[in-house]
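S.K.: Below: sequence and its predicted model.
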Amino acid sequence: MRICYVADGASIHTQRWVNYFAGKGHEVHLICWKLMPGYDENIYIHSLTKIAPKIWAVSQYLSFLFWIIQVRRLVSKIKPDIVDGHFITVYGFLAACSGFHPLVVSAWGSDMLVQPKRNPLSKFTTKYALKKADIIICLFPIDVAKEQITELGIDSSKIRTLLLGVDTAEFNPSHRDEKIRRTLGMESSHPIVISTRALAPIYNVETLVKAISLVLAEIPQAKFVIAGTGEQQGYLKELARAQGVSNSTKFIGWVPRTELPKYLSSADIYVSSSLSDGTSNSLLEAMACELAPIVTDIPANQPWINDGENGFLFPTRDYKTLASKIIYLLNNEEVRENFSRRSREIVQKKAEQQTEMKKLERVYHELVKPTRS
């Protein structure tokens with residue numbers, strides 16, 4: 001197949017997705033604005049041009065209009081068998097504006113669950129893309145989006161659910177590396193808590209930073225690793241300084257995919273304090289590496305964490321409860337190890353990447369077949 005993706009080229013999720021299909025021998029095209037390193041050399045990259053007047057708001061508006069024209073022209077030139085727009089509010093809308101069919105739009109989470117509620121424009125672009133799509137891929141359990149399905153007028157017969165999935169051969173506990181700990185200035189005896197969420201308001205890493213001082217009061221040797229970048233990076237570093245926990249907290253920035261299993265496997269506990277999510281691949285990767293998870297009690301996490309059986313759930317923004325859960329697991333190694341082992345088993349059974357991508361490939365073939373006959 002000749003597959004055309006319209007997506008955020010700076011997202012690791014986009015990269016994993018398109019690299020998979022390129023590796024299966026499909027002709028893959030990616031239309032994007034930003035781009036990160038690591039794409040398969042056989043992928044055709046088509047870059048969108050951003051218009052840059054001095055006024056930021058005008059720049060954004062004009063660029064978006066220009067992108068609509070660019071995407072239409074590119075899709076017409078590529079002549080794909082199928083178009084798939086990832087993250088509905090922006091790239092799904094651009095894909096829909098191409099006028100091409102068969103059209104798939106893929107919802108990652110906040111693009112359906114959060115963004116349409118923020119302003120009328122986001123609601124319009126989301127509804128337009130969903131209406132034009134032949135198939136809607138939801139990367140989260142459909143029960144999470146019942147309210148949004150009704151509000152956005154989605155034809156539920158068009159919805160398919162699957163996961164980005166995790167390559168459990170790549171993400172596994174055997175990657176534990178003492179060199180990573182030494183690089184971070186941490187000893188083998190130091191228990192490590194890690195977060196790998198972007199430093200953006202929706203992921204609420206602030207709650208974790210606020211919990212650190214409470215944990216250190218009980219377990220002073222504990223260390224915290226915060227991976228990722230984002231608009232709140234400066235604020236969170238200043239918050240850690242103000243809380244007096246900078247010496248025990250490492251902000252390590254963006255971690256390349258090839259290195260991420262090493263960092264995860266070298267930690268003991270994974271924390272996500274996100275306010276909203278689709279199915280979180282960051283959580284699944286940590287579970288695959290046998291970390292004990294402590295995550296917010298939100299609908300997207302509940303299918304993966306049975307509270308007290310393979311991890312802990314805690315109320316959003318409740319840093320005191322989060323701290324108490326971290327302290328408990330660091331003081332109870334047997335419980336922590338049981339959580340870790342069970343978590344990997346769940347990912348192997350329910351979220352293996354190869355299985356999920358094969359499901360999507362079948363969806364593509366089902367859509368393309370009628371157009372070829």
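M.R.: Received it, and whenever you're ready, just let me know what you need.
S.K.: contacts and neighbour counts: CA atoms only from here.
M.R.: Will do.
S.K.: all strands for this structure, in order.
M.R.: Secondary structure of the chain, counting by DSSP state E: strands at 2-6, 27-32, 44-47, 82-86, 103-107, 135-138, 159-161, 192-195, 223-227, 249-253, 269-272, 292-296, 312-314.
S.K.: Strand 27-32 and the first one, what's the angle between them?
M.R.: The one in question is strand 2-6. Strand 2-6 runs at 10 degrees relative to strand 27-32, counting by axes from the mean of the first three to the mean of the last three C-alpha atoms, to 10 degrees.
S.K.: on that earlier part again, got the strands of the chain as JSON lines, with distance to residue 304 columns?
M.R.: As requested, these are arranged in JSON lines below (distance: least, C-alpha to C-alpha, whole Å):
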{"stretch": "strand 2-6", "distance to residue 304": "29"}
{"stretch": "strand 27-32", "distance to residue 304": "31"}
{"stretch": "strand 44-47", "distance to residue 304": "35"}
{"stretch": "strand 82-86", "distance to residue 304": "23"}
{"stretch": "strand 103-107", "distance to residue 304": "19"}
{"stretch": "strand 135-138", "distance to residue 304": "16"}
{"stretch": "strand 159-161", "distance to residue 304": "15"}
{"stretch": "strand 192-195", "distance to residue 304": "17"}
{"stretch": "strand 223-227", "distance to residue 304": "22"}
{"stretch": "strand 249-253", "distance to residue 304": "27"}
{"stretch": "strand 269-272", "distance to residue 304": "13"}
{"stretch": "strand 292-296", "distance to residue 304": "10"}
{"stretch": "strand 312-314", "distance to residue 304": "10"}
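S.K.: Any chance of the ones you listed in a markdown table with mean pLDDT and distance to residue 177 as columns?
M.R.: As requested, those are exported to a markdown table (pLDDT from 0 to 100; distance: least, C-alpha to C-alpha, whole Å):
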| stretch | mean pLDDT | distance to residue 177 |
| --- | --- | --- |
| strand 2-6 | 98 | 36 |
| strand 27-32 | 97 | 35 |
| strand 44-47 | 96 | 35 |
| strand 82-86 | 97 | 34 |
| strand 103-107 | 95 | 35 |
| strand 135-138 | 93 | 35 |
| strand 159-161 | 90 | 36 |
| strand 192-195 | 97 | 13 |
| strand 223-227 | 97 | 15 |
| strand 249-253 | 96 | 16 |
| strand 269-272 | 98 | 16 |
| strand 292-296 | 98 | 18 |
| strand 312-314 | 98 | 26 |
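S.K.: Present the ones you listed as TSV; the columns should include mean neighbour count.
M.R.: Listed next are those as TSV, based on neighbours: other C-alpha atoms under 10 Å:
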stretch	mean neighbour count
strand 2-6	23
strand 27-32	22
strand 44-47	17
strand 82-86	26
strand 103-107	27
strand 135-138	23
strand 159-161	17
strand 192-195	24
strand 223-227	23
strand 249-253	17
strand 269-272	26
strand 292-296	26
strand 312-314	22
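S.K.: Minimum distance to residue 124: which of these has it?
M.R.: Taking C-alpha to C-alpha, strand 103-107 is the member of the strands of the chain nearest to residue 124, at 15.0 Å.
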